[in-house]
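Engineer: Curious how this folds, go ahead:
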Amino acid sequence: MGTAQQTSRQHLISQVLLTEFTAPEPKDGSLQLLPFDLHNPGRVHKRMPTSRCGWVKDFVAVDSPSVEALWGDVERRVPAALAAVHAGTPFADPLHVDVLRDLVVLHYVRSLHYRDVHTDSVERARTRLIAKVITQYPEQLRLEALRETGLYLSGPAALGAFAERLIERSTVMRDRESGMLFRTSIEDTFHKMRDLASTRRLEVITPETGQFLIGDNPALTLRVKESRTMYGMAFGDAQTLILPIGPKHLLSLGPEDVTLTVPRSFVDRLNVVQIHAADRYVYLHPKSGLEPFVERAAQRRLAGDRTT
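Structural biologist: Below you'll find the model as predicted:
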């Protein structure tokens, strides 16, 4: 049996999800959606197939087949669950609720936001470890430096440089450089988040009017305080975790399984959160009419205004 090959072009947004935001092209009937580049809001944005959207190169840089298989276990069950949402019966089958909740968790973990959090966390741990070694084991450092280099290190800068050199040779740091540490972390975090999310119920939210869009960091923790919508906090500090699953549906983890209809103002508010949280792109249904709305929000984002 052949060994699965490393996948370089890795979708962060499931194509089955992006397809919900597509419309058939008049010329050939191919399904396409509208990517909007938030770095260049004034440009002409062209429709594209889902295969060209929502992916990055080497997100998991090593042993990607194992995590692709993990994502695939969820994504294969999504079409039936989405069909139940469209039919207005998302809670009729408990398995549909489970897979939709897993879909939210998958997009929370398989994201550029999570990768940034992981990178920052590892760097902070590395910095703390260097400081700890210098403070608690200065003589051991000097002896090891003398053994390796023949030099006696006296000043804190020299000790720090040698401590950093030792730590960079550790298995953990080598795994960081190869990408193995991130691959292991993302898989472990998915399982932990899945367990945490299993204690929450599922809210299926539908607009009275208007449409949802989806950003390239689509699953977001949210907390509303004094009419202000905040996002990006730790899951344990959030009121909910949301994920748009189509122009007319958004999932939210809450206290009970329920279907909610929300006003246009609330839809706009959540769309602005998607725009602000995105790395670079949001994706629209081609007939949504949201381009002027997104362009205004993107211009405010470029100007540093991220209020919601």
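
Engineer: any idea which helix or strand comes after the biggest helix by length in the chain?
Structural biologist: Secondary structure of the chain per DSSP state H: the longest helix is helix 112-136. On the C-terminal side of helix 112-136, the nearest following helix or strand under DSSP states H and E is helix 138-149.

Engineer: could you give the angle of that next one to helix 112-136?
Structural biologist: 100 degrees (axes from the mean of the first three to the mean of the last three C-alpha atoms, to 10 degrees).

Engineer: elements contacting helix 138-149?
Structural biologist: helix 156-168 (3 or more C-beta pairs under 8 Å, 6 or more residues apart in numbering; DSSP states H and E). Where C-beta positions appear, they are placed from N, C-alpha and C, glycine not excepted.

Engineer: quick one on the thing from earlier: what does the longest helix of the chain contact?
Structural biologist: 12, 56, 59, 108, 141, 156, 159-160, 163-164, 166-167, 173, 176, 181-182, 185-186, 189, 216-217, 232, 277, 279 (C-beta atoms under 8 Å, 6 or more residues apart in numbering).

Engineer: Give me the buried stretch members for that helix, please.
Structural biologist: Neighbour-count burial for helix 112-136, counted by 16 or more other C-beta atoms under 10 Å, picks out 112, 113, 114, 115, 118, 122, 126, 129, 130, 133, 134.

Engineer: And the third one, what's its pLDDT?
Structural biologist: Reported pLDDT at residue 114 in the predicted model: 94.

Engineer: just the fifth one next, same as before
Structural biologist: At residue 118, the pLDDT value in this model is 93.

Engineer: Might you report the residue contacts of the residue positioned nearest the centre of the chain?
Structural biologist: Nearest residue to the geometric centre of the chain (C-alpha atoms, centre = their mean): residue 111, 2.4 Å. Applying C-beta under 8 Å, 6+ apart to residue 111 gives the contacts 12, 217, 218, 219.

Engineer: now with 10 Å?
Structural biologist: 12-13, 59, 117, 186, 215-220, 277, 279 (C-beta atoms under 10 Å, 6 or more residues apart in numbering).

Engineer: Give me the buried subset of these.
Structural biologist: Buried members of the contacts of residue 111, scored by 16+ other C-beta under 10 Å, are 12, 13, 59, 186, 215, 216, 217, 218, 219, 220, 277, 279.

Engineer: Okay, now the unreliable bits of the stretch 51-200 of the chain?
Structural biologist: Within the stretch 51-200 of the chain, no stretch has pLDDT under 70.

Engineer: any idea how far the residue with the largest distance to the centre of the chain is from residue 159?
Structural biologist: What lies farthest from the middle of the chain is residue 150; by C-alpha atoms, centre = their mean that is 47.9 Å. Residue 150 is 16 Å from residue 159, where distance means C-beta to C-beta, to the nearest Å.

Engineer: Please apply the same query to residue 33.
Structural biologist: 55 Å.

Engineer: Same question for residue 92.
Structural biologist: 65 Å.

Engineer: okay, the two: which has more neighbours?
Structural biologist: The neighbour comparison of residue 92 against residue 159 (other C-beta atoms under 10 Å) goes to residue 159, with 20 against 11.

Engineer: Touching, that one and residue 141? I think so.
Structural biologist: Yes - the pair residue 159 and residue 141 passes the contact test of C-beta atoms under 10 Å, sitting 5.4 Å apart.

Engineer: Specify the beta-bridge partners of residue 246.
Structural biologist: Beta-bridge pairing of residue 246 under DSSP bridges involves residue 249.

Engineer: What residues does it make contact with?
Structural biologist: 17-22, 82, 85-86, 206, 211-212, 214, 285.

Engineer: swap in residue 202?
Structural biologist: Contacts of residue 202 by C-beta under 10 Å, 6+ apart are 90-91, 96-98, 100-101, 104, 251-254, 256-259.

Engineer: out of those, who has the most neighbours?
Structural biologist: residue 253 leads the contacts of residue 202 on contacts (other C-beta under 10 Å) with 27 neighbours.

Engineer: Skip the chain neighbours and tell me the closest residue to that one.
Structural biologist: residue 200 (3.9 Å; C-beta to C-beta, 6 or more residues apart in numbering).

Engineer: contacting residues around residue 207?
Structural biologist: Residue 207 is in contact with 247-250, 261-264, 266-268, 270-271, counting by C-beta under 10 Å, 6+ apart.
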